[in-house]
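S.K.: any chance you could fold what I've pasted below:
(one chain, ligands or ions: 1)
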Amino acid sequence: MSKLTVALVAHDHKKPELLAWVQQHIDTLRQCDLVATGTTGGLINSETGLTVTRYKSGPLGGDQQIGALIAENKLDALFFFWDPLNAAPHDPDVKALLRLCSVWNVPVACTPATADLVVTSPWFLSSEYKPIKPSF
Ligand SMILES: O=C(CO)COP(=O)(O)O
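M.R.: Down below sits the predicted model:
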């Protein structure tokens, strides 16, 4: 069975929450190909030892690079702990990334609670789960 490709992204104030969540689910995440925006990916790698393919930092285009994976049907799930309390200079990119998850029916979790539910779902690592992709 091919591995799921999973993106992990967090804004600065949310990085501790994402790191704690990754530690909690490390055995599941170890079975996935992980990608991340630059700073998030570096932190996950140094704090957990997980191998992460790192794209550019979010404000420098990393969200858009992950969006491109979605548009190419190369991403299975996004865990994006975005910050609702601080303005981001690249807010249009953040919205665009979340928008593409809706366009292409990609599972996306923006809070630890939802992320827990997604990652512990019996479907998560199962090859039987194939979300229907829209045919435009
Ligand atoms: O800004 C981000 C997502 O919008 C995250 O980028 P970094 O992982 O580089 O901090």
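S.K.: so which helix or strand takes in D63?
M.R.: helix 62-71 (DSSP states H and E).
S.K.: distance between that helix and the chain's centre?
M.R.: 10 Å (C-alpha atoms, centre = their mean, to the nearest Å).
S.K.: not counting it itself, show me its contacts.
M.R.: 5, 7, 9, 35, 37-38, 55-56, 75, 78, 90, 93-94, 96-97, 100-101, 103-104, 106 (C-beta atoms under 8 Å, 6 or more residues apart in numbering). C-betas here are computed from N, CA, C, even on glycine.
S.K.: among the residues you listed, which lie within helices?
M.R.: 38, 93-94, 96-97, 100-101, 103 (DSSP state H).
S.K.: coming back round to it: within reach of the ligand, which of the contacts of helix 62-71 are there?
M.R.: Among the contacts of helix 62-71, the residues that sit close to the ligand (C-beta under 6 Å from any ligand atom) are 9, 37-38, 94.
S.K.: so which bits of this structure are right by the ligand?
M.R.: 9, 11, 37-40, 57-59, 62-63, 94.
S.K.: just put those in TSV and tack on neighbour count.
M.R.: Output for the residues of the chain next to the ligand, formatted as TSV (neighbours: other C-beta atoms under 10 Å):
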residue	neighbour count
V9	27
H11	21
T37	27
G38	18
T39	20
T40	30
S57	16
G58	28
P59	15
G62	25
D63	29
V94	18
